[in-house]
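S.K.: Output the structure for:
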Amino acid sequence: MKLFVCYSLCFCFLLSSCGRFSNQEHQTHVSGTRLVSIAKQYSEIIYALGAQQDLVAVDVSSTYPAALKQLPTVGYHRALSAEALLAAKPDIILHDNNIGPEHVVKQLKDLQIPMKVFTKHGETIAGTDSLIREMGTYFHKEQAADSLVRQLDQDMALALEQARQYKDTVKVLVIHFGQASNVYLVMTQKSTAAKMIGWAGGRITVSDQKGMKQLSPEAIAAADPDVILLTDFGYDKLGSLDKIKELPGVAKTRAAISNRIYRVEEHDMVYLGPRTGKNVLALQKLIHEKSAQ
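M.R.: Here you go, the predicted model:
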């Protein structure tokens, strides 16, 4: 029965789509066109531009701003649900070429649902400026884009100027999901978080070829960071600083002894966007302040 409903939904969607759109890229957004965003960076920029009126669904990693959580979700960007996507009745899907599984992507292409990928500008502030401007043009929000870029550049200039005053580089460890199976998932020198912490005047010492790496409690203790940043999911699950300080490997670090363990939002640490300058300024306060506890 469930399979029949799914096939019926696909067939109805295909009929409703025929003749309206080709699978060619749209150059600019047409008001009233139903959008699905499968990229958290895109989703935040859409809201920052004030272009969210036609956004009807997002992937589960699109969590900022909070209003995104009120929209239907179509699954994790690498584990999309074809049924959820089709239920959203998208006229166009926005994604950053990091979507899957492959059979779902093929199904969407077979149904000739138009997809839009913005230019890959790289993980830099200049690239983020370019992406914001490109999306501003697409959504006819050029003035809003210019304003966002100016603010981002001003915030970053202030953050970099302030970072010069710190003589000692603070060692920072970013734990993504707390502890599971006696290992921790941490962010490495290859991560976006490492760039942001570097701009703030800190340093991630964990190295790897990927942006995240599993570390044992013994490796956490050996790293002995001055500051630990724990993303919201892990921090909220543990519930309190005292419980976090008791974790194996964490307990004897300088960060735990000096109460310099802080909660950060995951979405603030994993991509660059309009608020990155403000997020770097906030990180500066966290990693350079002395514990008042």
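S.K.: and the top strand by length along the chain, which strands flank it?
M.R.: Under DSSP state E, the strand in the chain containing the largest number of residues is strand 170-180. Applying DSSP bridges to the sheet, strand 170-180 is found paired with strand 183-187 (antiparallel), strand 202-204 (parallel), strand 227-231 (parallel).
S.K.: Can you pull the poorly scored residue ranges out of this protein?
M.R.: 1-26, 290-293 (pLDDT under 70).
S.K.: which of the residues in the longest helix seen in it are buried?
M.R.: Longest helix in the chain by number of residues (criterion: DSSP state H): helix 142-163. Neighbour counts over helix 142-163 (16 or more other C-beta atoms under 10 Å) mark Ala144, Ala145, Ser147, Leu148, Val149, Leu152, Asp155, Met156, Ala159, Gln162, Ala163 as buried. In this view, the C-beta of every residue, glycine as well, is placed from N, C-alpha and C.
S.K.: Show me which parts of the longest strand of the chain are buried, residue by residue.
M.R.: For strand 170-180, by 16+ other C-beta under 10 Å, it's Val170, Lys171, Val172, Leu173, Val174, Ile175, His176, Gly178, Gln179.
S.K.: quick one on the thing from earlier: can you tell which of the strands paired with strand 170-180 is closest to Met196?
M.R.: strand 202-204 (8.9 Å; C-beta to C-beta).
S.K.: and that closest one, how far out from the chain's middle?
M.R.: Distance of strand 202-204 from the chain centroid (C-alpha atoms, centre = their mean, to the nearest Å) equals 20 Å.
S.K.: what's the answer for stretch 208-218, then?
M.R.: In this view, stretch 208-218 has its centroid 19 Å away from the chain centroid, taken as C-alpha atoms, centre = their mean.
S.K.: can you check stretch 230-237 too?
M.R.: Worked out by C-alpha atoms, centre = their mean, stretch 230-237 lies 15 Å from the chain centre.
S.K.: same thing with stretch 130-147?
M.R.: Stretch 130-147 sits 19 Å away from the centroid of its parent chain (C-alpha atoms, centre = their mean).
S.K.: Pull out the CA atoms of it and give them to me as CSV.
M.R.: Only the C-alpha atoms of stretch 130-147 are listed here, as CSV (Å, rounded to 0.1, in the frame of the first residue of the first chain):
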residue,chain,number,x,y,z
SER,A,130,30.6,36.5,-3.8
LEU,A,131,28.0,33.8,-3.0
ILE,A,132,25.8,36.3,-1.1
ARG,A,133,26.0,38.7,-4.1
GLU,A,134,25.2,35.9,-6.6
MET,A,135,22.2,34.8,-4.5
GLY,A,136,21.2,38.4,-4.2
THR,A,137,21.1,38.7,-8.0
TYR,A,138,19.2,35.5,-8.3
PHE,A,139,16.5,36.6,-5.8
HIS,A,140,16.4,40.3,-7.1
LYS,A,141,17.7,41.4,-3.7
GLU,A,142,20.9,43.1,-4.7
GLN,A,143,20.7,45.9,-2.2
ALA,A,144,20.1,43.5,0.7
ALA,A,145,23.1,41.5,-0.5
ASP,A,146,25.4,44.5,-0.6
SER,A,147,24.3,45.4,2.9
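S.K.: on that earlier part again, nearest to Met115, of the buried residues of helix 142-163?
M.R.: Nearest to Met115 among the buried residues of helix 142-163: Ala145, at 21.9 Å, using C-beta to C-beta.
S.K.: Would you agree that closest one is in contact with Thr137?
M.R.: Yes: counting by C-beta atoms under 8 Å, Ala145 touches Thr137, with 7.4 Å between them.
S.K.: Other residues contacting the helix or strand harbouring Met196?
M.R.: Following DSSP states H and E, one finds Met196 within helix 192-199. Helix 192-199 is contacted by residues 123, 156, 159-160, 163, 172, 174, 187-188, 203-204, 211, 229, 269-272, 276, 279-280, 283, 287 when judged by C-beta atoms under 8 Å, 6 or more residues apart in numbering.
S.K.: I appreciate the help and will end here.
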